[in-house]
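Student: Using only what follows, build the 3D model:
(one chain, ligands or ions: 1)
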Amino acid sequence: MICINCKNEHSEKFCPNCGQKSEVQKITFRSILNDAFSTVTNMDKGLLFNVKSLLLNPEEIVNDYILGKRKHIFNPISFLIITISIYLIVDSLIVVPGQKQEIDSQIYSVGYEAGKFIKNNFKYFWILSIIWLSFSTRIIFRQYNYAEHLAVNSFVIGQATLAGLIGFVLFRQPLLFNPIIYIFITWMIYKIHKAQGKKLDVFFQSVAATLLFFIQLLLITVFIGIIGNYNW
Ligand SMILES: [Zn+2]
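Tutor: Sure thing, here's the model as predicted:
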């Protein structure tokens, strides 16, 4: 038969050239729903696989991903985008009277313009934060290259954002100042890099990486504030 994906002729169950399944199921309403549902709920791959693995064994999923065993792992950037979307949806749903205003004023106290800008563009601000976190982790943990740090930190920020939901409900803190986020980031950096040195050293390096990350976020916030307040 001829592979519908790459036109390679073969007689295997999967195309030896590109891996396309030989027998393709017809798309039905049911198969679309099943596919969508299993991407989210399948514990052996997909979104929940990532959440489970990142919680129980982050060093393993990160190693697998970097070494190329990626099939069952949900792409880190997609993971980051989806977790942030989940966070923002929950954030917009939970409106306790008075709370929203309190959070707004906390954000605005950073500097009105900076606060407003970050609030309106939060999704991008937080997605781009992997760039700054990767500067920090790359400086401290030299084992991976910068691009690998970007992938690893997409897992880290994505997972920390989900954990941040708990902090959001408990402390009513905006994500940027949510202590749970930074505790979680430190813990994950530690777990992922702990094979690279003595435990105590790696622990302090992880704290340093998170601090460096937070300082960069503050500097960017101040920078946005200055630009926003400047009369052009
Ligand atoms: Zn093929």
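
Student: can you map out the helices along the chain?
Tutor: With DSSP state H as the criterion, the chain has helices at 29-41, 46-56, 58-67, 76-93, 99-108, 112-120, 122-140, 146-171, 179-193, 199-229.

Student: Out of these, name the one with the poorest average pLDDT.
Tutor: Among these, helix 99-108 has the lowest mean pLDDT, at a mean of 55.

Student: closest to the ion out of the helices of the chain?
Tutor: Closest to the ion of the helices of the chain, according to C-beta to the ion: helix 29-41, at 20.3 Å. All C-beta spots, glycine's among them, are computed from the backbone N, C-alpha and C.

Student: who does the closest one touch, helix- and strand-wise?
Tutor: helix 46-56 (3 or more C-beta pairs under 8 Å, 6 or more residues apart in numbering; DSSP states H and E).

Student: List the buried residues in the helix it packs on.
Tutor: By neighbour count with 16 or more other C-beta atoms under 10 Å, helix 46-56 contains the buried residues 46-51, 53-54.

Student: now the helices of the chain as TSV including distance to the ion?
Tutor: Shown next, in TSV, are the helices of the chain (distance: least, C-beta to the ion, whole Å):
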stretch	distance to the ion
helix 29-41	20
helix 46-56	23
helix 58-67	24
helix 76-93	24
helix 99-108	51
helix 112-120	45
helix 122-140	33
helix 146-171	27
helix 179-193	35
helix 199-229	42
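
Student: Please parse the chain into its domains.
Tutor: 1-41, 44-229 (automatic domain parsing).

Student: Point out the most buried one among the ones you listed.
Tutor: domain 44-229 (a mean of 17; mean count of other C-beta atoms under 10 Å).

Student: rewinding a little: any chance of the helices of the chain in TSV, with distance to residue 7 too?
Tutor: Rendered in TSV, the data for the helices of the chain read as follows (distance: least, C-beta to C-beta, whole Å):
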stretch	distance to residue 7
helix 29-41	24
helix 46-56	29
helix 58-67	30
helix 76-93	28
helix 99-108	54
helix 112-120	47
helix 122-140	37
helix 146-171	32
helix 179-193	41
helix 199-229	47
